[in-house]
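Enquirer: model the following, please.
(chains A, B and C)
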Amino acid sequence: MKKVVLPARNFSLGHTLASGQVFRWQTLDDGYLGLLGRSVVHVRQAGERLECETRDSAVTPERLRHYFALDHDLPAILRTVDVDPQIHEALQSFAGLRVIRQEPWECLASFICSSFNNIKRLQGMIERLCRRFGRVTPTGDAGARWWTFPEPTAIARASERTLRELGLGFRAPYLKAAARLVADGRLDAARLRRQPYEQAKQRLQTVPGVGDKVADCIALFALQQYEAFPIDVWTERILKRYVHRQPTRARLHRFARRHFGAYAGYAQQYLYHQVRQPGVSLDNLLQLC
DNA sequence: GACCAGGCAGAAC
DNA sequence: GTTCTGCATGGT
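Expert: Sure thing, here's the model as predicted:
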């Protein structure tokens, strides 16, 4: 077992992994067990350090730093979105939350499955997909096993019926079609990443099962396009406290990007995490308009 | 046993 | 261009 340690200032592993941007990390002892690409890693935070145990020599400090976006100048980013009392409170409460760099295919597949779903059930769906189509990997703990996220080719080959049996429901044909596009190279993350946000989003929305919201999630969590501002039912409720005049989806989007600026997606992640805390209702939020 | 969920696609207006 | 409507199903 190898141990990798790296500095992690202005970072909260807990807030980052619990904020609804990734779905597979599981708490283990005083840390989290999950995947970095195909490598099983056990990460824990010790003050301003991130410690990682793994059997895989491919895991380096650079890869961890990149995945957890520890290269972001977080204080500088958050200063640009700290523009009203509501977001200010969220920034204070969840200091160290970072928007991490997910593997694009996993992000795409996960958020296609997130449609009209709740996170608990979504996690179950993803886990069943991994156990059916992923590759089993030892974790290092005696007897414990972990499954990699399925390759797009594996999902592309699967029958819609099998996907439905895993509980995907109406999402099954969407996921299969999206997997085909990725497997065939017709949807290429590297190319999307080089495109301007609006253009990449437009292309993503041609993928079956990917609409306005899911496209924004992929742009933000996998393509590093930080002006993307995903609006789900929760975020919409929050934004309606800012915008009182006919808050259509398009108007909320325009407002969010104008109000929070180039790193609007960071603001969104803090607000989303804030409103989903147990015991927090919209009535607890500040009245802004 | 209602009600809801990190929505989308297609049809109707 | 905007506004319905159906979709599958587990968690609370």
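
Enquirer: what residues does chain A put near DNA strand B?
Expert: A:19-21, A:111, A:114-122, A:170, A:174, A:205, A:207-215, A:217, A:230-235, A:268-269, A:272, A:276 (C-beta under 7 Å from any atom of the strand). Where C-beta positions appear, they are placed from N, C-alpha and C, glycine not excepted.

Enquirer: looking at the stretch 1-150 of chain A, which residue is nearest DNA strand C?
Expert: residue A:120 (3.9 Å; C-beta to the nearest atom of the strand).

Enquirer: and what about that residue, helix, strand or coil?
Expert: Under DSSP: H, G, I helix; E, B strand; the rest coil, residue A:120 falls in the helix class.

Enquirer: for the stretch 51-200 of chain A, what spans make up the strands?
Expert: For the stretch 51-200 of chain A, the strands defined by DSSP state E, counting those that start in this stretch cover A:136-138, A:145-147.

Enquirer: one step back: from the residues of chain A next to DNA strand B, list just the buried residues.
Expert: In these, burial by neighbour count holds for A:19-21, A:111, A:114-115, A:117, A:122, A:174, A:207, A:209-210, A:213-215, A:217, A:230-232, A:234-235, A:268-269, A:272, counting by 16 or more other C-beta atoms under 10 Å.

Enquirer: hang on, the earlier thing: now, the residues of chain A next to DNA strand B that are in helices?
Expert: Among the residues of chain A next to DNA strand B, the members falling in helices (DSSP state H) are A:111, A:119-122, A:174, A:212-215, A:217, A:233-235, A:268-269, A:272.

Enquirer: packing partners of the helix or strand of chain A with the lowest mean pLDDT?
Expert: In chain A, no helix or strand scores lower on mean pLDDT, DSSP states H and E than strand A:136-138, which sits at a mean of 85. When contacts are defined as 3 or more C-beta pairs under 8 Å, 6 or more residues apart in numbering; DSSP states H and E, strand A:136-138 sits against strand A:145-147.

Enquirer: what packs against the strand it packs on?
Expert: helix A:119-133, strand A:136-138.

Enquirer: who touches that strand?
Expert: With C-beta atoms under 8 Å, 6 or more residues apart in numbering as the test, strand A:145-147 has contacts from A:33, A:35, A:40, A:127, A:130-131, A:134-139.
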